[in-house]
Structures are given as C-alpha cells and as structure tokens.
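> Pasting the sequence and the predicted coordinates here, then a few questions.
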Amino acid sequence: MKAKTKRVLAKLKYLNERLFYRPNQFPIIVLGNQKSGTSAVANLLADYGCLSRTIDIRELWQPTIGRILQGEQRFKDFVRCYPRPFSCDLIKEPLLTFIYEEVKQVFPSARYVLVVRDPRDNVRSFLNRMRIPGDLVFLDVNDWNIPTLWLRAFDAVLWRTQSSHYIDMLAERWNSATDVFLQQQHEIQLIRYEEFVLDKIGSIADLAARLDVKAKADIHTKVDIQYQPKGQRNVTWLEFFGQENLWRIENICGERMLKLGYGANGEVLPQT
C-alpha cells in the first residue's frame with residue numbers, strides 16, 4: 001500500500017510541475033565542484049539581488065546524474081520532466097558542472113558562474129564531510145559509512161578518472177570542474193572562494209556587477225551564515241593528507257592550480 005501511495009504522489013508531483021512551472025530561459029546558473037563554496041555564493045548573490053533561487057536539485061542526484069553522464073538519459077528530457085527547479089532566477093547545483101555542454105544546449109542564454117577553491121582545501125573538505133581520513137594508502141568504501149549520494153564520488157568509471165586511488169579520483173574531479181571554466185572563460189564568470197571569504201560583500205557586489213544583477217537588499221547580516229558543516233581548517237594539508245597524498249593532489253592539479261593562481265604554500269595569486 002505504501003509503495004502504491006508513493007507512486008501516486010510522485011505522479012501528482014510530476015503533473016503539478018508540468019502544469020504550473022516553466023524553465024527560466026535566462027537564469028543565473030552557479031557551478032563548481034562540491035564543497036567549493038557554491039551554496040554560500042549562490043545564497044548571498046540571490047539575497048543581494050532579491051532573486052528566486054533553487055539550491056540543489058535532488059531529482060538530479062543518483063541515479064539520474066549517472067544515467068546522464070553515461071549517455072542513457074538526456075538532460076533536456078530531465079528538465080522537461082522536472083521544470084520547477086529550473087524556473088527560478090538563480091539555479092545552484094554542482095552536478096550541472098559535469099554536464100556543462102548539455103546544460104548550455106538547454107540554457108544557451110543563461111549567465112554562468114563557477115566557484116573554485118584550492119584543490120587541497122576542496123578535497124579535504126570533501127573528505128571531512130564523509131569523515132574519511134586524507135592519509136589512507138587505500139580506501140575501501142565498505143569500511144566507511146558513506147551516504148549513497150557521496151559514495152558514487154569514488155566511482156572511477158562514472159567519472160572517467162584514470163586512477164582507482166581515492167585521492168587521485170577527487171583530484172581529477174577537481175580538474176574536470178575547473179576545466180569547464182578554463183575552456184569556456186569567455187562565457188563563465190569565475191569567483192575564487194578564498195577571495196570571497198576575505199571580502200564576502202565586496203566579492204558578491206563585484207560578481208553581481210559582472211552578471212548585471214542590481215543591488216536590492218543589504219546582505220551584511222547574512223554573510224556569516226554557515227550553509228555547510230565546517231571542515232578541519234585548523235589542520236594543515238600535510239597533517240591531514242600526509243606527504244604522499246598531498247603530493248598526489250599537487251601533481252595532478254598543479255597545472256590548473258597555476259592557471260587559477262593557487263600557489264604552492266596556499267597563496268592566491270593573479271591568474272595566468
């Protein structure tokens with residue numbers, strides 16, 4: 001009986017979305033790897049411009065994103081089935097980063113933002129979220145209580161990564177996210193998380209100006225809202241990863257780190 005009720009409710013939700021919502025053809029779409037600060041940037045930008053917002057699209061999560069990545073489902077069909085989350089002024093969903101070309105085809109007139117964060121901090125925050133140490137020689141996912149949503153992050157086939165080592169996979173995933181910007185710089189506005197943290201109001205005002213979003217609200221009281229659990233920021237990269245795993249990240253991400261202005265010791269430099 002419960003299963004039948006769930007099917008009926010799901011069908012009603014689907015019909016409601018198809019009848020009452022239409023995708024916004026001119027949205028702001030916020031991209032970036034998970035745990036890079038996309039939630040904070042998206043929420044503050046929406047507050048600043050009084051924009052309606054979608055923060056994360058649960059219907060896109062597994063198994064849907066896997067089917068799209070593997071070519072078994074088209075993104076435009078997904079939008080047709082679930083138009084509600086795409087009806088807002090601002091849409092933030094990190095997984096859209098990894099299907100950017102399909103997203104661009106469906107939303108050619110959207111304004112795109114990509115939030116980037118130093119990969120050493122990004123990977124550490126990712127692992128902190130799952131309570132996984134960064135200095136393991138080998139990760140057996142069966143030994144850790146990893147939520148299904150995050151478990152697929154270690155699927156080398158799904159993400160087309162070249163290594164089965166968990167640090168390598170997360171580093172290559174960071175590369176994939178940053179490549180979206182590096183290959184499409186003329187159509188994506190970049191915001192580096194480290195600069196955002198130093199001056200949240202100034203960074204949001206600058207980003208809004210680049211996106212032609214008018215200031216409509218004071219966000220001073222909202223800049224310290226914690227949108228995601230804090231990671232182990234008081235632990236150095238070397239302490240968290242150990243020398244071998246830290247080397248893995250810097251070796252895999254080094255070229256892109258240089259282009260995005262991330263120095264060897266954590267300094268944020270001008271982009272090359």
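Happy to help now that I have it.
> Let me know the pLDDT of the residue lying closest to Pro133 once chain neighbours are set aside.
If the residues on either side of it in the chain are set aside, Pro133 comes closest to Leu127, at 7.2 Å by Cβ to Cβ, 6 or more residues apart in numbering. No exception for glycine: its C-beta is placed from N, CA and C like everyone else's. On the pLDDT scale, Leu127 is placed at 96.
> Now do Leu127: how many residues are near it, please.
By the criterion of other Cβ atoms under 10 Å, Leu127 has 24 neighbours.
> So which bits of the helix or strand hosting it are buried?
Using DSSP states H and E, the element containing Leu127 is helix 119-130. Within helix 119-130, the residues that count as buried by 16 or more other Cβ atoms under 10 Å are 119-129.
> same thing with stretch 184-191?
Those would be 188-191, for stretch 184-191 by 16+ other Cβ under 10 Å.
> same question, stretch 219-237
219, 222-223, 231, 237.
> Over to stretch 260-272?
260-262.
> do the same with stretch 42-52
42-49, 51.
> and what of stretch 76-87?
Quick answer for stretch 76-87 (16+ other Cβ under 10 Å): 78-79, 82-87.
> swap in stretch 157-175?
159, 161, 165-175.
> Show me the contact partners of it.
Contact with stretch 157-175 is made by 33, 66, 69-70, 98, 119, 122-123, 126-127, 132, 134, 136, 138-139, 152-154, 156, 176, 241, 245, 248-249, 252-253, 256, as judged by Cβ atoms under 8 Å, 6 or more residues apart in numbering.
> got any ranges where the stretch 1-150 of the chain has weak pLDDT?
Filtered on pLDDT under 70, the stretch 1-150 of the chain yields the residue ranges 1-4, 6-18.
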